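In: Here's my sequence, what's the structure:
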Amino acid sequence: MQAYVMDAFSSRVFGGNQAGVVLPDRPLPDDLMQQIAAEFKHSETAFVALEPDETVKIKYFTPAGEVDLCGHATIASFALLRSLDRIGDGARIARTRSGDLRIDVEGDTVWMDMAPPKLLRTLDDGESAELLRAYSLTPDAMPHGFAPEIISTGLADIMLPVRDHETLMAAVQDEHAVTELSRRYDCVGVHMFCPGDGACTAYCSNFAPLYDIPEECATGTSNGALTYYLYRRGLVRPGEENVFLQGEHMGRPSEIRSRLTADGDGVLIRVGGRAVMSMRCELMIEGKR
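Out: Numbering: from 1, shown residues only. Take a look at the predicted model:
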């Protein structure tokens, strides 16, 4: 069966966040998908099937286990299907463990709906200080009037604001401490950010050592959650397109875009980006083509 490596949230090869994408030629058991994901060693590998009703079923595995949703692997999957002429421009439904999501393909850009945003909790001063210590930072690293919040748009992450780009780049993670904090707060990891400049809405770094991902260079769900965090403070507005730059620590700069709409029925957040194919291979399962 065919397998690919896609560089998501990038318009050039070897930029952005790599995701494995497998197009199985038959249903695969979960333990085999887990083995394949471990073999790829990317933060996530997506297993993609076009259904008879033209929906797209996707399952996501990290090297450590299955996850409900992965933004960059979703962008990668639909960009791949578009590049292979398996789908055209327009709207599709992605069926995931996190629920059904609308996906829009607009040429080389893929936009995906996030799950409805949820503020799960706000960390108090003591919890905030403990979290900052896990990155060798002190409480004055956080801008006045801001606090870390756990927000989900499909996956729960801690939004951790820091005052400027220099502080963001100076953060040094204690992987054990962040793993334990992620387990305590029942979240994937930490999405650290600072205010952007004319080039972007915010600069970001994402850490998920609980899932064997010390740092990730592009995360769709986390930036969807960040969009909601900023919206609640009046820092982004409905109808605008937001740009998040991530992955500088890793030498793989990534550009993640978001859009937000709000009405009486609530808030809808969409995350978008491009993806390019960097590798293509044939998986040999049980020694057979």
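
In: Break down the protein into its helices, ranges please.
Out: Listed in chain order, the helices of the chain (DSSP state H) span 30-40, 71-83, 125-133, 165-170, 175-184, 220-232.

In: Show me the contact partners of the first one.
Out: With Cβ atoms under 8 Å, 6 or more residues apart in numbering as the contact definition, helix 30-40 has outside contacts at 3, 5, 20, 22, 28, 44-45, 47, 59, 61-63, 65-66, 283, 285. C-betas here are computed from N, CA, C, even on glycine.

In: List the buried residues for stretch 116-133?
Out: Neighbour counts over stretch 116-133 (16 or more other Cβ atoms under 10 Å) mark Pro117, Leu123, Glu127, Ser128, Leu131, Leu132 as buried.

In: Is it possible to get JSON lines of those residues that adds pLDDT and distance to Arg102?
Out: Output for those, formatted as JSON lines (pLDDT from 0 to 100; distance: Cβ to Cβ, whole Å):
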{"residue": "Pro117", "pLDDT": "95", "distance to Arg102": "15"}
{"residue": "Leu123", "pLDDT": "98", "distance to Arg102": "32"}
{"residue": "Glu127", "pLDDT": "98", "distance to Arg102": "35"}
{"residue": "Ser128", "pLDDT": "98", "distance to Arg102": "35"}
{"residue": "Leu131", "pLDDT": "98", "distance to Arg102": "34"}
{"residue": "Leu132", "pLDDT": "98", "distance to Arg102": "37"}
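
In: quick revisit: which of the contacts of helix 30-40 count as buried?
Out: Those of the contacts of helix 30-40 that meet the buried threshold are Ala3, Val5, Gly20, Val22, Leu28, Glu44, Thr45, Phe47, Lys59, Phe61, Thr62, Pro63, by 16+ other Cβ under 10 Å.

In: Count the residues that sit near the closest residue in space to the second one that isn't next to it in sequence.
Out: When you say that, I think you mean Val5. Leaving out its chain neighbours, the residue that sits closest to Val5 by Cβ to Cβ, 6 or more residues apart in numbering is Met279, at 3.8 Å. Met279 has 13 neighbouring residues, counting by other Cβ atoms under 10 Å.

In: same check, this time on Gly107
Out: There are 8 residues near Gly107, going by other Cβ under 10 Å.

In: So it is in contact with Asp89, correct?
Out: Yes: Gly107 lies in contact with Asp89 (Cβ atoms under 8 Å); the separation is 6.6 Å.

In: Strands of the stretch 151-289 of the chain, start to end?
Out: Assigned by DSSP state E, counting those that start in this stretch, the stretch 151-289 of the chain shows strands spanning 156-161, 189-195, 202-208, 213-216, 241-246, 254-263, 266-273, 275-282.
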